[in-house]
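Trainee: Fold the following for me, if possible:
(one chain, ligands or ions: 1)
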Amino acid sequence: MALGGRTAWRAAPVAAAAAAAAAAAAAAIAASVLGVAVAAAAAPGASTVAATASAAAAAAPHSHPPPPWPPVARQAGPGGGALLRACTATSPVRTRKEVRDLTAAEAAALVAAWRWVIADGSAEALVRVHDATTDDAHWGAQFLPWHRAFVLAMENALRRYDPTVTLPYWDWSRDARAPALSSVWPTFLGHSRPSECIRSGPFRNLRASFPRPHCIRRGFTSGARWGMNGITFEEAPTLDALVAGPADYFSFVEALEVAHGVPHDAIGAADLAPQAAPGDMADLRVSPGDPAFYLHHAFVDKLWADRQAGGRHPPAEYSGWHSGRLVSTRDVLRPFNARVSDLLRLPCVRYAPPGGGADAASGRPRRGRHTRLRVSRAAAGRAVAAARARRDKQEADWARQAGATPDSIVRAREALLAAATTAYMNGDLELEEGGGGTPTPTPVAAMPAWTLPSPMPSASELATETPSASPTPRPTPSPTPTLTPVVRRGGLGGRGAAAMPT
Ligand SMILES: [Cu+2]
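Mentor: Okay, the predicted model is just below:
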């Protein structure tokens, strides 16, 4: 359990013994979700905690008989890699679609599974995983493979309840000019107002307990053109140029990590008063608590997959730095207990291109909104500079918060600027009519919505919820989580363990 004095699992900071047991239970669930064995924190009394967690799990209202497929937990050694290469026992190939391309039936199935993953604690366990391994996951070359594994873990958690479910991605470049107007808010993620709980949809009033009880909050006003204070996201031509461009992997991952920080920050904090706490998406410790996280990161992963499939770069390219050291595809990613080489291709995951459906929030086909302008090279240069200026501050703020070095921020922004310039010079980038326009709020009542199950249950309802009261038939979820201490080299043993590469 004590792996050379290191803690394989950095338990969430908890004060009380009861809270420690809850954290261990979450770790146990995370072990099940991740499909890896997770060692208990090597702290005094850890075995007691583990026993308590097992007992608690056995008694939990949402523990169920084993599913019909083989359990995926308790793989020893580098087994995490084998699981990722298989994607899991439950999985045929799944094709991730743009969220607006989901059929009503697909959306309803996704929501039903998601409600169970929230109810059984898996969703929050993943939040703790993200928090506990933040340094492994962020700011550097590992950003993409780590989050590829993480998104898959959530998807597999959903598929334990419904193996037909696939995580959708949110192509936010389609909403880059006015992301608060995107139809993803009214139709799936829910209406948002600064500092308020989610106001509508399947995640209405979604609550979390880590690191303290709160409801998931956002920092912007959905349905209002300036609901994110005019912050724009990177646009499709820029992302396309980045994906297909000549930059090496490390330049690509740095630029993409910075670009992905803008939606995080804008969704989480754009409209919050300075004295207010940021919304969940803007806080690295808790961002996966907002379902928007997974749709966002599935899109980021798609951009990497597009690049890998594009033919210009070797699919297995991987280079650069992470946490101050040169990386290798042999590096082991915690807590997945898999090597980067296991994440370069997930054989069970495909991405469907966006179906091109009209964005419901704008009420018009996406390309009808702007006028494509043929501009001189000098004018294009000015347009590039203006477009970049809008995003520079947001990107720099996010990157600093994420722990980026000034050098890496500069490199990432140079790569994004080069991509944007390429897009402009190709005449790809659409320039907005009238140079920005005026706020044009869209009445949210006019937006179509799926027929969704009833709103999320409250915490007290969850505590007493019975499967018969649920909107779906009693599901067949994961095996009862058990905390399995493992002793092995490498993997979760931390950076210094014997089998770890440099
Ligand atoms: Cu992350």
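
Trainee: buried residues in stretch 293-306?
Mentor: Residues of stretch 293-306 classed as buried: 293-305 (neighbour count, 16 or more other CB atoms under 10 Å). In this view, the C-beta of every residue, glycine as well, is placed from N, C-alpha and C.

Trainee: Now for these: which two are most distant?
Mentor: Using CB to CB, the buried residues of stretch 293-306 span at most 18.2 Å, a distance reached by F293 and A305.

Trainee: Verify the stated contact: A132 with R285.
Mentor: No - A132 is beyond contact range of R285, at 9.6 Å (criterion: CB atoms under 8 Å).

Trainee: more neighbours, those two?
Mentor: Neighbour comparison, A132 and R285: the larger count goes to A132, with 22 against 16 (by other CB atoms under 10 Å).

Trainee: From L126, how far off is that one?
Mentor: Remark: distance between A132 and L126 (CB to CB, to the nearest Å) = 11 Å.

Trainee: How about R115?
Mentor: 15 Å.

Trainee: picking up where we left off before, shared neighbours of A132 and L126, which are they?
Mentor: Counting by CB atoms under 8 Å, 6 or more residues apart in numbering, A132 and L126 have no common neighbour.

Trainee: Compute the number of surrounding residues for A386.
Mentor: Neighbour count of A386, defined by other CB under 10 Å: 12.

Trainee: for the stretch 51-200 of the chain, what spans make up the strands?
Mentor: Here the stretch 51-200 of the chain has its strands, by DSSP state E, counting those that start in this stretch, at 94-96.

Trainee: The chain now?
Mentor: Assigned by DSSP state E, the strands in the chain fall at 94-96, 207-208, 214-215, 321-322, 325-326, 332-333, 338-339, 349-351.

Trainee: Quick one: those as TSV, columns for distance to A108 and mean pLDDT too.
Mentor: Shown next, in TSV, are the strands of the chain (distance: least, CB to CB, whole Å; pLDDT from 0 to 100):
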stretch	distance to A108	mean pLDDT
strand 94-96	17	94
strand 207-208	22	94
strand 214-215	23	94
strand 321-322	40	94
strand 325-326	46	94
strand 332-333	34	92
strand 338-339	33	91
strand 349-351	22	96
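
Trainee: Tell me which of those sits nearest to G261.
Mentor: Taking those one by one with CB to CB, strand 321-322 is closest: 16.8 Å.

Trainee: so where's the stretch 351-500 of the chain shaky on pLDDT?
Mentor: Filtered on pLDDT under 70, the stretch 351-500 of the chain yields the residue ranges 356-377, 427-500.

Trainee: any idea of the mean pLDDT in stretch 229-239?
Mentor: In this model, stretch 229-239 has a mean pLDDT of 89.

Trainee: List the buried residues of it.
Mentor: Here stretch 229-239 shows 231-239 as buried, counting by 16+ other CB under 10 Å.

Trainee: Give me the neighbour count for D407.
Mentor: Using other CB under 10 Å, D407 is surrounded by 9 other residues.

Trainee: cool, the one 10 residues further on as well?
Mentor: Counted with other CB under 10 Å, the burial measure for L417 works out to 18 neighbours.

Trainee: thought it was touching A387?
Mentor: No - at 9.6 Å, L417 and A387 do not qualify as touching, with contact defined as CB under 8 Å.

Trainee: got any residues that touch both of the two?
Mentor: Contacts common to L417 and A387, judged by CB under 8 Å, 6+ apart, are absent.

Trainee: residues contacting A113?
Mentor: 158-159, 161-162, 165, 475.

Trainee: just checking, N426 touches P237?
Mentor: Yes - N426 is in contact with P237 according to CB under 8 Å; the separation is 7.3 Å.

Trainee: what's the spacing between Y294 and A112?
Mentor: Using CB to CB, one obtains 16 Å as the distance from Y294 to A112.

Trainee: Tell me which stretches of the stretch 251-400 of the chain form helices.
Mentor: 292-309, 340-343, 377-401 (DSSP state H, counting those that start in this stretch).

Trainee: For the second one, which helices and strands make contact with it?
Mentor: Spelled out, it's helix 340-343. helix 79-86, helix 143-159 (3 or more CB pairs under 8 Å, 6 or more residues apart in numbering; DSSP states H and E).

Trainee: what mean pLDDT does that helix have?
Mentor: 94.

Trainee: What lies in contact with it?
Mentor: Defining contact as CB under 8 Å, 6+ apart, one finds that helix 340-343 is touched by 80-81, 84-85, 142, 145-146, 148-149, 316, 318, 327-331, 333.

Trainee: go with 6 Å
Mentor: Helix 340-343 is contacted from outside by 81, 84-85, 145, 148-149, 329, 331, using CB atoms under 6 Å, 6 or more residues apart in numbering.

Trainee: If any of those residues are buried, give me the ChimeraX selection for them.
Mentor: This is the ChimeraX syntax for the buried subset of the contacts of helix 340-343, where burial follows 16+ other CB under 10 Å:
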select :81,84,145,148,149,329,331
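
Trainee: Which member of the contacts of helix 340-343 is positioned nearest I409?
Mentor: Scanning these for proximity to I409, where the rule is CB to CB, the winner is P145, at 21.5 Å.

Trainee: on that earlier part again, kindly reformat the helices of the stretch 251-400 of the chain as CSV containing distance to A137.
Mentor: Formatted as CSV, the helices of the stretch 251-400 of the chain follow (distance: least, CB to CB, whole Å):
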stretch, distance to A137
helix 292-309, 10
helix 340-343, 12
helix 377-401, 14
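
Trainee: and the spatially closest residue to G201 that is not a sequence neighbour, what does it touch?
Mentor: Spatially, and ignoring its direct neighbours in sequence, G201 is nearest to G190 (3.5 Å; CB to CB, 6 or more residues apart in numbering). Applying CB under 6 Å, 6+ apart to G190 gives the contacts 198, 200-201, 203-204.

Trainee: Would you state the predicted confidence (pLDDT) at G190?
Mentor: Per-residue pLDDT puts G190 at 96.

Trainee: Distance check, the closest residue to R193 other than its chain neighbours against M281.
Mentor: Closest residue in space to R193, ignoring its immediate chain neighbours: T221 at 5.6 Å, by CB to CB, 6+ apart. Here the criterion is CB to CB. By it, T221 lies 15 Å from M281.
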